[in-house]
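> Next input, structure requested:
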Amino acid sequence: MSPAARSINIFGIYLVVLGIVLLAAPNLLLFLLRLPLTTEVWKALASRGATA
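Numbers count the residues shown, from 1 in each chain. Predicted coordinates for the structure are as follows:
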């Protein structure tokens, strides 16, 4: 595997993991980035793509 292909694969894995974290626990990502946690439901709904 070429270095460019390896880089693209690692970036793809990173995006999948980040997406799963945003879907499952958006406050976890905010905590890891040292941003203020939220109690609002909108960030959770927006990260899940809910359309009610």
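
> buried residues in the helix or strand hosting Ile20?
If you go by DSSP states H and E, Ile20 is part of helix 3-24. Buried positions in helix 3-24, judged by neighbour count with 16 or more other C-beta atoms under 10 Å: Leu22. In this view, the C-beta of every residue, glycine as well, is placed from N, C-alpha and C.

> Which other helices and strands does that helix contact?
On a contact count with 3 or more C-beta pairs under 8 Å, 6 or more residues apart in numbering; DSSP states H and E, helix 3-24 meets helix 26-32, helix 41-48.

> I'd like the average pLDDT over the last one.
The predicted model assigns helix 41-48 a mean pLDDT of 60.

> So, low pLDDT: which residues of the chain?
Residue ranges of the chain with pLDDT under 70: 41-52.

> what residue lies at the spatial centre of it?
With distances taken as C-alpha atoms, centre = their mean, the residue of the chain nearest its centroid is Leu18 (3.1 Å).

> Who's the closest spatial neighbour of that one, skipping the chain neighbours?
Distances taken as C-beta to C-beta, 6 or more residues apart in numbering put Leu29 closest to Leu18, at 7.6 Å, once the chain neighbours are dropped.

> what's around the one you found, how many residues?
Applying other C-beta atoms under 10 Å, we find 15 residues neighbouring Leu29.

> my read: it touches Val21, true?
Yes. Counting by C-beta atoms under 8 Å, Val21 is a contact partner of Leu29 at 5.2 Å.

> residues in contact with the residue nearest to Leu18?
Counting by C-beta atoms under 8 Å, 6 or more residues apart in numbering, Leu29 touches 18, 21-22.

> now Leu30
Neighbour list for Leu30: 36-38 [criterion: C-beta under 8 Å, 6+ apart].

> and what of Asn27?
Contacts of Asn27 by C-beta under 8 Å, 6+ apart are 37-38.

> going forward can the numbers begin at 124, since that is how I track them
Sure, I'll start numbering at 124, so the last one becomes Asn150.

> Please determine how far it is located from Val144.
Asn150 sits at a distance of 10 Å from Val144 (criterion: C-beta to C-beta, to the nearest Å).
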